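*Asks:* I would like to see how this sequence folds:
(one chain, ligands or ions: 1)
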Amino acid sequence: MPASTLPARPVPAEPFPVELARRRSAALDAAIREDPGRFRVLTGDRPTGPLHVGHLFGTLLNRVRLQDLGVGVMVLIADYQTITDRDAPESLPSDVLGQVADYLAVGIDPGRAAIFAHSQIEALNQLLIPFLSLVSVAEVGRNPTVKEEFGTAGGSPMSALMFTYPVHQAADILFCHANLVPVGKDQLPHVELTRTIARRFNERYCPAEPYFTAPDALLSDAPLLLGTDGQKMSKSRNNAIALAASEDETARLIRGARTDAQRTITYEPQSRPAVSNLVQLAALCLETAPEQVAAGVGDGGAAALKRLLAEALNERLRPIRARRREVAADPGYLRQVLADGNERARALAAQTLSDVRALMHTSY
Ligand code: TRP
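*Replies:* Residues are numbered from 1 along each chain as shown. Got it, this is the predicted structure:
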C-alpha cells in the first residue's frame with residue numbers, strides 16, 4: 001500500500017486522538033504485511049523484574065509476530081530508565097539477563113532481532129544533548145507521564161532524569177531510525193514528542209533533505225490485563241504472574257486472585273472487572289472468545305473458573321517456560337546475545353551520531 005493512502009497522522013491535541021491513531025495503525029498493519037522490509041520497530045521494557053503475562057499478551061507476542069513477518073525488530077532493555085526514581089539496584093545484572101531470557105523464551109530470535117541495553121550504547125545517549133535543545137521545558141512538562149510523576153511524587157522530588165525521559169526515549173527510537181513504535185494508548189504522547197524532535201531537527205539542520213523520519217505509533221489492540229488483585233498489573237504491585245513462575249506458583253496466584261460475590265461467571269468488563277479479567281486471560285490462552293469461556297464455566301463459579309484458568313495458562317506457558325529454563329541455564333549464552341545486540345546497536349548509533357554531528361556543524 002502506498003504511504004499516501006494511509007489516513008492522516010493524528011494531530012497532537014488534548015485529549016489525544018486515539019481513534020485516529022487506531023485507524024492509522026490498522027492501515028500500517030496492512031502496509032507491514034505488504035512490505036515488511038520497509039519497517040524497523042523499536043520496543044523495549046525497563047528491567048525492573050521478571051516479565052509477566054501482561055507483557056506476553058500485551059506486547060511480546062506482537063513483537064514476535066512482527067519479527068516473523070520480516071520486520072526489523074530492535075528490543076531495548078531500558079536500564080537507564082530504572083534510575084529515574086530509584087538508585088540502581090545490585091540486582092540489575094541478573095534482572096537484565098533475566099529479561100534477555102524472557103525475550104528468547106517467547107520467541108525473539110537474536111539472529112534477526114537485536115536485544116540491547118541502552119546504557120551500553122554511548123552514541124545513543126549522546127543524542128540526548130542535541131535533542132534536549134529542540135524542546136522546551138514547558139513541552140516536556142506537558143507530557144502526561146511526566147505530569148503525573150509531578151503529581152504523585154508525594155513529597156519526594158522528581159529527578160531531572162525522570163523529567164527528561166521522554167526525550168531520552170526519542171533518542172532510543174531515532175538512533176536506529178525506527179519508523180514504528182508499538183505502544184499502548186498511554187504512550188502516544190511519547191511518540192508524538194519523538195516526532196516533534198525529528199521534525200525540528202530536520203527543519204533546523206537539513207530542511208532540504210530531512211534526515212530523521214518521524215516514527216509512527218503502532219497502537220496495540222491487545223486488551224489491558226489486570227493483576228490478580230483486579231488492579232493494573234505491574235511488577236511493583238506484586239499482582240503479576242511472571243513468565244518464569246512455576247506451575248504451582250501460577251496456580252497459587254490464580255487461586256488467590258480477586259473475584260466477586262456473584263456465583264455465575266459472566267464476561268462484563270465494566271461491571272465485573274476482576275472476574276472478567278480472569279475470563280479474558282483464559283480466553284487468550286485458549287484462543288477463544290471470553291463470552292465462550294464465561295458461558296462454559298457458568299454456575300461453576302469462581303473456583304471452577306480459576307481451575308480452568310490455571311490449567312489453560314500453565315499449558316500456554318509450558319513451551320515458553322521450557323525454553324526459558326534452557327537458555328537461563330547458560331548465562332554465558334545470554335551475555336553473548338546481549339553483547340551481539342549491543343554491538344549492532346552501537347554500529348547504528350555511531351553512524352547516526354556521526355551524521356548528526358556533520359549536520360549540526362560539530363564535526364571538526
Ligand atoms: N518506557 C518503556 C517501559 O516502561 C521502555 C522504553 C524505553 C521504550 N524507551 C522506549 C519503549 C522507547 C518504546 C520506545 O517499558
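
*Asks:* quick one: low-confidence parts of the protein?
*Replies:* 1-16, 152-155 (pLDDT under 70).

*Asks:* got the residues of it near the ligand?
*Replies:* 42, 43, 44, 45, 46, 76, 78, 81, 169, 172, 173, 181 (CB under 6 Å from any ligand atom). (Each C-beta comes from the backbone N, C-alpha and C, glycine too.)

*Asks:* Strands - which of the residues you listed land there?
*Replies:* 42, 43, 44, 45, 76, 181 (DSSP state E).

*Asks:* Just to check, the third one is in contact with residue 173?
*Replies:* Looking back up the chat, that one is residue 44. No. Contact criterion CB atoms under 8 Å: residue 44 and residue 173 do not qualify, at 9.8 Å.

*Asks:* sorry, back to before: any chance of the residues of the chain next to the ligand in a markdown table, with neighbour count too?
*Replies:* Supplementary listing: the residues of the chain next to the ligand in a markdown table, determined by neighbours: other CB atoms under 10 Å:
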| residue | neighbour count |
| --- | --- |
| 42 | 24 |
| 43 | 22 |
| 44 | 24 |
| 45 | 18 |
| 46 | 17 |
| 76 | 25 |
| 78 | 20 |
| 81 | 22 |
| 169 | 26 |
| 172 | 29 |
| 173 | 29 |
| 181 | 23 |
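
*Asks:* Just give me the closest of those to residue 201.
*Replies:* Closest approach to residue 201 among these (CB to CB): residue 173, at 12.6 Å.

*Asks:* mind listing what the closest one touches?
*Replies:* 42, 181, 191, 194, 215 (CB atoms under 8 Å, 6 or more residues apart in numbering).

*Asks:* Then residue 78?
*Replies:* Here residue 78 is in contact with 44, 45, 46, 47, 118, 172 (criterion: CB under 8 Å, 6+ apart).

*Asks:* Specify the beta-bridge partners of the residue nearest to the first one when sequence neighbours are not counted.
*Replies:* Read it as residue 44. Of all residues not flanking residue 44 in the chain, residue 76 sits nearest, at 2.8 Å (CB to CB, 6 or more residues apart in numbering). Residues in a beta bridge with residue 76, per DSSP bridges, are residue 44, residue 116.

*Asks:* if I read this right, residue 76 contacts residue 116, doesn't it?
*Replies:* Yes. Using CB under 8 Å, residue 76 is in contact with residue 116, at 6.5 Å.

*Asks:* Tell me where the stretch 201-350 of the chain has strands.
*Replies:* With DSSP state E, counting those that start in this stretch as the criterion, the stretch 201-350 of the chain has strands at 216-219.

*Asks:* What are the phi and psi values at the closest residue to the ligand within it?
*Replies:* Residue of the stretch 201-350 of the chain nearest the ligand, by CB to the nearest ligand atom: residue 215 (8.8 Å). Main-chain dihedrals, residue 215, degrees, to the nearest 10: phi -70, psi 160.

*Asks:* I'd assumed residue 178 was in contact with it.
*Replies:* Yes. Counting by CB under 8 Å, residue 215 touches residue 178, with 5.6 Å between them.

*Asks:* Give the residues shared as contacts by these two.
*Replies:* Common neighbours of residue 215 and residue 178 (CB under 8 Å, 6+ apart) are residue 42.

*Asks:* sorry, back to before: quick one: the contacts of residue 173 as a markdown table, columns for distance to residue 158 too.
*Replies:* Shown next, in a markdown table, are the contacts of residue 173 (distance: CB to CB, whole Å):
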| residue | distance to residue 158 |
| --- | --- |
| 42 | 25 |
| 181 | 24 |
| 191 | 22 |
| 194 | 21 |
| 215 | 26 |
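
*Asks:* wait, which of those is closest to residue 59?
*Replies:* For these, the nearest to residue 59 is residue 181 (11.1 Å; CB to CB).

*Asks:* Name the residues of stretch 190-210 that are buried.
*Replies:* For stretch 190-210, a neighbour-count test (16 or more other CB atoms under 10 Å) marks 190-198, 201-202, 205-206 as buried.

*Asks:* I meant to write stretch 103-112 there.
*Replies:* 103, 104, 105, 106, 107, 108, 110.

*Asks:* Could you tell me the end-to-end distance of stretch 34-48?
*Replies:* End-to-end distance of stretch 34-48 (CA to CA, to the nearest Å): 36 Å.

*Asks:* Go ahead and measure how far it is from the middle of the chain.
*Replies:* How far stretch 34-48 lies from its chain's middle: 9 Å, per CA atoms, centre = their mean, to the nearest Å.

*Asks:* and what of stretch 105-121?
*Replies:* 13 Å.

*Asks:* Just the C-alpha atoms of it, please, in PDB.
*Replies:* In PDB, the C-alpha atoms belonging to stretch 105-121 read as follows (Å, rounded to 0.1, in the frame of the first residue of the first chain):
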ATOM      1  CA  ALA A 105      11.800 -17.700  25.700                       C
ATOM      2  CA  VAL A 106       8.800 -16.100  24.000                       C
ATOM      3  CA  GLY A 107      10.500 -16.400  20.600                       C
ATOM      4  CA  ILE A 108      12.600 -13.300  19.900                       C
ATOM      5  CA  ASP A 109      15.200 -14.600  17.600                       C
ATOM      6  CA  PRO A 110      18.600 -13.000  18.200                       C
ATOM      7  CA  GLY A 111      19.600 -13.900  14.700                       C
ATOM      8  CA  ARG A 112      17.100 -11.500  13.400                       C
ATOM      9  CA  ALA A 113      16.200  -9.100  16.200                       C
ATOM     10  CA  ALA A 114      18.800  -7.100  18.200                       C
ATOM     11  CA  ILE A 115      18.400  -7.200  22.000                       C
ATOM     12  CA  PHE A 116      20.400  -4.400  23.600                       C
ATOM     13  CA  ALA A 117      20.700  -2.300  26.800                       C
ATOM     14  CA  HIS A 118      20.700   1.400  26.200                       C
ATOM     15  CA  SER A 119      23.200   2.300  28.900                       C
ATOM     16  CA  GLN A 120      25.800   0.400  26.800                       C
ATOM     17  CA  ILE A 121      25.200   2.400  23.700                       C
END
